[in-house]
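Q: Using only what follows, build the 3D model:
(2 chains)
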Amino acid sequence: MLEADAEVDRRDFSVRVALSVAPGERLALFGPSGAGKTTILEMIAGLVRPRRARIMLAGRVLTSTGNPGAAVPPWQRRVGLLRQDPGLFPHLSVRANLLYGRPAGDQAAAAELDELTGVLGIGELLAAMPARLSGGQAHRVALGRLLLSHCDALLLDEPYTGLDASLRRTLTDLVVSLVTERAVPSILVAHELAEAQAFADQLAVLDHGQILQIGAPNEVVLSPSTRRVAELVGYAAFVPVRSARASTAEPTATPGAAGLVAGIHPDRVIGGRHPDRGLVLDGVVTSCRPAGALWEISVMTGEVGVTARLPEAAPAGQKLQITATDPPRFGPDGPAVPGRPAQSALAAARPQATSGRGTEARR
Amino acid sequence: MGASWTTVTPPAPVRDEPGGAAVPRGLRYANRSLAVAGTGIIWVALLGPVIALMTHLSWSSITSSLGAPGAFDPLILSVESGAVTLGVLVLLGTPLAWALARGTLPFPRVWEAGVLAALLLPPLVIGLLLVFMVGPFTPIGHLLSGLHLSATDTFLALVIAQVYESAPYYILGAQAAFSGVDPRLEQQAALLGDPPSRVFRRVTVPLAAPGLAMALAIAWARAMGAFGAVVIIAYHPTALPLQIWTTLQETGLPSALPFALVLLVVALPLPLAAYIWSARARSRRRG
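A: Take a look at the predicted model:
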């Protein structure tokens, strides 16, 4: 179990974190650039000194600013950190890199090396120098090196940025299976939601040094606890509504009578009028452009512009009726308001959260 | 109605020119010729003294100068003092260079200024100032005499003078070599279980080794050729550069040239070997 309750000062704000990750559990820290995600990993790894902290891993106290204090140095923490740059030692062969964390003469290392290189698909590269490896191969070697060092926790700091999408998917699947098999708590830092969702069974949304919400990835995305969380997970527009159960929007950009707004996610909009499934919006198309296999259509509804990704194109100037399925509502101060249409099809199809933990971040 | 397919001649490839505009071929040729000519002139000018040495040496002058009894004593003394100097530089200069590269010292600019001062002061001035620092009537001189040592006209004085003349070259070169090592690799090694001393031995030094070797080789060449400070505080025992100077004064240029050749032969192999080794080490890393 990895537990961290800590506070570290940065130049412009303090990063506060309270999280726990069970063996084999995968937590993704998701947030905008500069939110403090990397600082949290570096603090757990012992590379950044916190102002106040209690960090525990597998029953050992790694950092404690209380009494008695403790500050285990990085080389005794048994924490593996994989960054965007794989950090292979350029003067050592792939084999020497993989065995770097093992003591010389370790008899078990050779057998373990054979097994792991087979799983990672790097068995043919053992004699190569790191400069000869492709980006994907270098990341596999770096991952293998961490696993061979028998670390008690795995920290991944946007490790696949810059790699192509299919390779990212393959590597993510590989990490997920290895972390699960070895029952190692792991934390991924990501600034792309899809990457965080593909990896994690717990998603923490971080902004300005604060964890705003922790929960199962789908739970966080479908039920953001605040308007800010909604913005960060992709809700691109907020339209005023009359009430928490309203199925039509107010015609102006100002919050509705109760100060309520509904969050509209471009991927959670369907064409046509379906009041039983969510919030119906009438508007005029202002632009339409291809987005993958769909069309990204901008619609002006009242004074609020809404973006929707739909399977059919619509020319600019055309009147369009769309339905935002099961949109979360937010009060005037930003927190989510309960009372959405409870029987919408999407809500019924929503997968169950993998953790029983609440969605509000522990403060 | 089926589509009809026709072959199309692909357009000639367009070469991207730096700056976007095409440069006339004649101008390109003239530019390249000028660059080669300029480089050649500088190369010949730099090697000119060595070429002059080779063309003015005669076999008879070599045998008469180097055949005299004790002719190789200055060479042996220079090699011994140079080796001790390198040892001092490695022991004391390497930690300073590492600390400067990693910015771990308080007031780093002050430390850098101290190293640069030794580089910028003329060697002759360094020699004069060393008399005031380690001469027989100074506190350090008194301390040394208490240990039956002296820092004037001794082997120790020669080493001190060589250290002052060569240390900045080694420290600044080593600092650059350590700066080239990505600190994240050192962090990674630490996270894989290595304490700082082992990280230094397994990662920092091997990665900085090509630059360290070059810095050491340059320091060696400077130590072997040290003259300005040596002539002030270590006139005796006579090292090789002083032997060249006294021979020139006493018997003229033809007799001094063989000693100059010996100095070159002794001072150059280490830098050349270091250069070749560094190039090979970098090539090995590229796989």
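Q: Stretch B:98-109 - what's its average pLDDT?
A: Average pLDDT, stretch B:98-109: 91.
Q: actually stretch B:41-55, not the one I wrote
A: Averaged across stretch B:41-55, pLDDT comes to 88.
Q: Check the offset of it from the chain's centre.
A: Using C-alpha atoms, centre = their mean, to the nearest Å, the mean C-alpha position of stretch B:41-55 is found 20 Å from that of the whole chain.
Q: same question, stretch B:245-260
A: 26 Å.
Q: Give me the nearest residue to the most centrally placed residue in chain B, chain neighbours excluded.
A: The residue lying closest to the centre of chain B (C-alpha atoms, centre = their mean) is B:Ile218, at 1.4 Å. Take B:Ile218 and drop its neighbours on the chain: the residue closest to it by C-beta to C-beta, 6 or more residues apart in numbering or on different chains is B:Tyr169, 4.9 Å away. Bear in mind the C-beta positions are built from the backbone N, C-alpha and C, glycine included.
Q: Identify the residues contacting stretch B:36-51?
A: Stretch B:36-51 has contacts (C-beta atoms under 8 Å, 6 or more residues apart in numbering or on different chains) with B:Leu264.
Q: Report the distance from that stretch to the chain centre.
A: On C-alpha atoms, centre = their mean, the centre of stretch B:36-51 falls 20 Å from that of its chain.
Q: thinking again about what came up before, how far away is the residue nearest to B:Ile218 from B:Ala221?
A: Look at B:Tyr169 and B:Ala221: by C-beta to C-beta, to the nearest Å, they are 9 Å apart.
Q: Break down the stretch 151-287 of chain B into its helices, ranges please.
A: Using DSSP state H, counting those that start in this stretch, the helices of the stretch 151-287 of chain B run over residues B:155-179, B:183-191, B:196-199, B:205-224, B:228-233, B:240-251, B:253-267, B:269-285.
Q: got the contact list for the second one?
A: Helix B:183-191 is contacted from outside by A:45, A:47, A:73-75, A:77, A:79-81, A:83, A:85, A:87, A:89, A:100, A:151, B:102, B:196, B:198-199, B:202-204, B:207, using C-beta under 8 Å, 6+ apart.
Q: quick one: low-confidence parts of the stretch 1-150 of chain B?
A: In the predicted model, the stretch 1-150 of chain B carries pLDDT under 70 at residues B:1-22.
Q: can you pull the contacts of the residue nearest to the centre of chain B?
A: B:Tyr169, B:Tyr170, B:Gly173, B:Pro271.
Q: What of B:Arg202?
A: A:Tyr100, B:Ala189, B:Asp194.
Q: mind putting those in CSV, distance to A:Ala200 included?
A: Shown next, in CSV, are the contacts of B:Arg202 (distance: C-beta to C-beta, whole Å):
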residue, distance to A:Ala200
A:Tyr100, 28
B:Ala189, 29
B:Asp194, 31
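Q: Looking at those, which one is closest to B:Leu253?
A: B:Ala189 (55.9 Å; C-beta to C-beta).
Q: on that earlier part again, hang on, isn't the residue nearest to B:Ile218 packed against B:Leu216?
A: No - the pair B:Tyr169 / B:Leu216 is not scored as a contact, 9.3 Å apart, by C-beta atoms under 8 Å.
Q: what about B:Tyr170, distance to B:Thr94?
A: Distance from B:Tyr170 to B:Thr94, by C-beta to C-beta: 8 Å.
Q: So between these two, which is more surrounded?
A: More crowded of B:Tyr170 and B:Thr94, by other C-beta atoms under 10 Å in any protein chain shown: B:Tyr170, with 31 against 22.
Q: Quick check: closest non-adjacent residue to that one.
A: B:Tyr170's closest residue in space is B:Ala219 (C-beta to C-beta, 6+ apart), at 3.8 Å.
Q: Show me how chain A divides into domains.
A: As assigned by automatic domain parsing, chain A contains the domains A:2-215, A:228-339.
Q: mind checking which of these is nearest chain B?
A: Distance to chain B, taken as C-beta to the nearest C-beta, is lowest for domain A:2-215 among the domains of chain A, at 3.7 Å.
Q: Between its first and last residues, what's the separation in that closest one?
A: 17 Å (C-alpha to C-alpha, to the nearest Å).
Q: Ok, stretch A:204-215 next?
A: 7 Å.
Q: how about the residues of the stretch 151-300 of chain A that lie near chain B?
A: Neighbours of chain B within the stretch 151-300 of chain A, by C-beta under 8 Å from any C-beta of the partner chain: A:Cys151.
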